[in-house]
Each structure stands twice: as structure tokens, then as C-alpha cells.
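Peer 1: predicted structure and sequence below. I'll ask about it afterward.
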Amino acid sequence: MDSDDLAPTRDLMALLEWETTALLRGDFATLAACLDLKEALVARLGRTGVKDARALADLKTAAQRNATLLLAAEKGLRAARRRLLDLLRAQRGETYDSAGRLADLGHNPPQFERKA
């Protein structure tokens, strides 16, 4: 098997490893950069095909690992967003009533009673 036949497979595996590192670090700028490269490499593999069954299995494993990491990152971002919204609501005086509905405490300034 010619080493040029394996180049797209090696390139995609290297990119998937780079993507894994970016996912673990939360480096979303790098993830965005990976997308175009990954699409181009997958298209190239689609034209040339993968000649080595072991390499194809390794690519599948790496892609599944990254998909799992991506879903976990998405879940974490959603949880962080919910928490930030809860903190913002609390700062604005919003809370939940006994039935679990959003309730506004309002912004009533404290009133002082003067005693002579």
C-alpha cells in the first residue's frame, strides 16, 4: 500500500487528536478552525476511500470519542447559562414562588421610620 494512500487517513486522525485536545481545554476558537479542515479531509477520504480497515476503525473510535466530548461540553455550557440566568434573576429581585412559578420581588427601596 502506497504511503500517499494513507495520507488522508493520517491527516484526519491528527486533526481528530487536535480536536480532542481543544475539547478538553474548552478551546472553542480551535474547534471552529477544525470544522472546515475536517470537512475537507472527510470529503477527500470520500473520494479516495480508506484502504485500511484498522485505520477506519481507529478513525471511527476517535470521532465517537470527540462526539461524546462535544455533547458533554454542550451540556456544561447549557448548565452554566442556566446558572448565570438564575444569578441575574436573583440580582433583579426575581425568585420562584411556592408553586415553582417565576415571581418578581420588585425593587422596593427600604423605608425607614423616623422617630423623634
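Peer 2: Good, I have the coordinates.

Peer 1: contacts for the helix or strand bottoming out on mean pLDDT in the chain?
Peer 2: Every helix and strand of the chain was ranked by mean pLDDT, DSSP states H and E. The lowest is strand 102-104, at a mean of 72. Strand 102-104 is contacted from outside by 89, 93, 94, 95, 96, 97, using C-beta atoms under 8 Å, 6 or more residues apart in numbering. (Each C-beta comes from the backbone N, C-alpha and C, glycine too.)

Peer 1: any chance of those residues in JSON lines, plus distance to residue 26 and pLDDT?
Peer 2: Listed next are the contacts of strand 102-104 as JSON lines, based on distance: C-beta to C-beta, whole Å; pLDDT from 0 to 100:
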{"residue": "89", "distance to residue 26": "25", "pLDDT": "76"}
{"residue": "93", "distance to residue 26": "32", "pLDDT": "72"}
{"residue": "94", "distance to residue 26": "29", "pLDDT": "73"}
{"residue": "95", "distance to residue 26": "31", "pLDDT": "74"}
{"residue": "96", "distance to residue 26": "30", "pLDDT": "76"}
{"residue": "97", "distance to residue 26": "36", "pLDDT": "78"}
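
Peer 1: among these, name the ones in helices.
Peer 2: The helices, defined by DSSP state H, take in residue 89 from those.
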